[in-house]
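**Student:** coords please:
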Amino acid sequence: MHITGSFGVKPEPTYVPTATQVPLSNDQFQSTPLFKLDLYVYEMAARILFYMVHWLRSLKEFQMISVKDQITSLLRCWHELFVVTLCEYKFDVPWINLIHSANRSNDLGLNTNGIDIKNLYLMQDIYNRILHMNLDCVEYFHLKLLLLCRW
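**Tutor:** This is a model prediction of the structure:
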């Protein structure tokens with residue numbers, strides 16, 4: 001039984017579950033429009049933020065502190081939690097395509113300082129280092145908890 005059957009809604013006969021995003025290969029990135037990459041990155045970031053909020057809401061101790069303290073602690077560490085969550089769920093990040101897109105933006109004059117490219121390389125390095133540690137779910141939980149509780 002489909003989950004919508006319990007609500008009296010039947011899926012259309014042409015319903016096909018959405019496929020997972022296929023990462024762009026190295027030789028394919030030159031012909032790929034930027035908007036497809038943007039949509040993929042936005043979708044990936046939205047999922048990561050959803051997983052972060054879901055994890056935070058599962059912490060009873062975190063829910064017990066005031067909303068002001070919750071926001072303060074999250075503002076101080078959201079970017080670190082984002083990277084750790086990205087690694088935890090092993091998202092397939094198209095780093096080469098992102099770097100190429102940033103280079104193309106530089107060529108078009110949209111970004112003149114090149115800091116974005118340096119940050120992408122740094123984020124890729126951090127991502128690879130964390131993945132190389134082969135952490136399990138308990139270790140990711142404690143790592144995120146340490147990041148959150150530093151405030």
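
**Student:** remind me which residues of the protein are low pLDDT?
**Tutor:** 1-35, 106-115, 151 (pLDDT under 70).

**Student:** could you redo the last one with a cut-off of 90?
**Tutor:** 1-42, 91-121, 149-151 (pLDDT under 90).

**Student:** how many residues are close by the residue nearest to Val93 when sequence neighbours are not counted?
**Tutor:** By the measure of Cβ to Cβ, 6 or more residues apart in numbering, the closest residue to Val93 outside its immediate chain neighbours is Tyr127, 6.7 Å from it. For every residue, glycine as well, the C-beta is placed using N, CA and C. Tyr127: 18 surrounding residues under other Cβ atoms under 10 Å.

**Student:** hmm, Tyr127 is touching Thr85, no?
**Tutor:** No - with contact defined as Cβ atoms under 8 Å, Tyr127 does not reach Thr85; the gap is 11.2 Å.

**Student:** related to what we said a few turns ago, in whichever helix or strand the residue nearest to Val93 is part of, what's buried?
**Tutor:** Taking DSSP states H and E as the criterion, Tyr127 maps to helix 115-132. For helix 115-132, the neighbour count (16 or more other Cβ atoms under 10 Å) marks Asp116, Ile117, Leu120, Met123, Tyr127, Ile130 as buried.

**Student:** what sits against the third one?
**Tutor:** The reference is to Leu120. Trp95, Leu98, Ile99, Ala102 (Cβ atoms under 8 Å, 6 or more residues apart in numbering).

**Student:** kindly recompute the last result at 10 Å.
**Tutor:** The contact partners of Leu120, taken as Cβ atoms under 10 Å, 6 or more residues apart in numbering, are Val93, Trp95, Ile96, Leu98, Ile99, Ser101, Ala102, Asn103.

**Student:** can you tell me the SS state at Arg150?
**Tutor:** Using DSSP: H, G, I helix; E, B strand; the rest coil, the structure places Arg150 in coil.

**Student:** thank you kindly, that will do.
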